[in-house]
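> just coords:
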């Protein structure tokens, strides 16, 4: 069986807003890849909305294993690993490691000096 590939980001600053996503997913019995983000200064996921507006798609990092329609699957979700001095999630932004298969959801590991969620 093959797995989906992983995603690795190494940089000084990462800024994602208004529905910007990074995703790794796999269907059926395949394994979803990992997402690893290392930002030496800061990493921000934000959604700027008008009052009473619901975001169509939140910004964030997403790994998932999914089942097909009426097809059971056993694939596992990948992991999300974030390393940065400052991580900000706002306006519904999220880190999400889920599965709709009978496999396992992934882990989320955050190493940060400051974490801001609003």
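It's in. Since this is a predicted model, take the numbers as computed values, not measurements.
> Describe which strands the lowest-mean-pLDDT helix or strand in the chain pairs with in its sheet and in which direction.
Across the helices and strands of the chain, mean pLDDT, DSSP states H and E gives its lowest value to strand 21-27, namely a mean of 87. As defined by DSSP bridges, the strand partners of strand 21-27 come to strand 60-66 (parallel).
> which residues are in contact with the strand it pairs with?
Residues from elsewhere that reach strand 60-66, judged by C-beta atoms under 8 Å, 6 or more residues apart in numbering: 16, 21-27, 30-35, 37, 45, 73, 75-80, 82, 89, 93-101, 103, 106. Yep, even glycine has a C-beta here, placed from its N, CA and C like the rest.
> how does it look with 6 Å?
Strand 60-66 has contacts (C-beta atoms under 6 Å, 6 or more residues apart in numbering) with 21-27, 32, 35, 45, 75-78, 80, 93-101, 103, 106.
> who's in contact with residue 74?
Contacts of residue 74 by C-beta under 6 Å, 6+ apart are 29, 101-103.
> quick one: which helix or strand includes it?
In this assignment (DSSP states H and E), residue 74 forms part of neither any helix nor any strand.
> do residue 36 as well
Element membership of residue 36, judged by DSSP H and E, is strand 35-46.
> who does that strand touch, helix- and strand-wise?
Counting contacts by 3 or more C-beta pairs under 6 Å, 6 or more residues apart in numbering; DSSP states H and E, strand 35-46 packs against strand 7-17, strand 60-66, strand 80-83, strand 86-89.
> in its sheet, what does the first one sit against?
Applying DSSP bridges, strand 7-17 is found paired with strand 35-46 (parallel).
> Show me what counts as buried in the strand it pairs with.
35-39, 42-46 (16 or more other C-beta atoms under 10 Å).
> Kindly report the same for stretch 61-68.
61-67.
> Specify the beta-bridge partners of residue 64.
Applying DSSP bridges, one finds that residue 64 bridges with residue 25, residue 98.
> Please identify the deepest-packed of the helices and strands packed on strand 35-46.
Highest mean neighbour count of the helices and strands packed on strand 35-46: strand 60-66, a mean of 24 (counted as mean count of other C-beta atoms under 10 Å).
> Sweet, I'm off.
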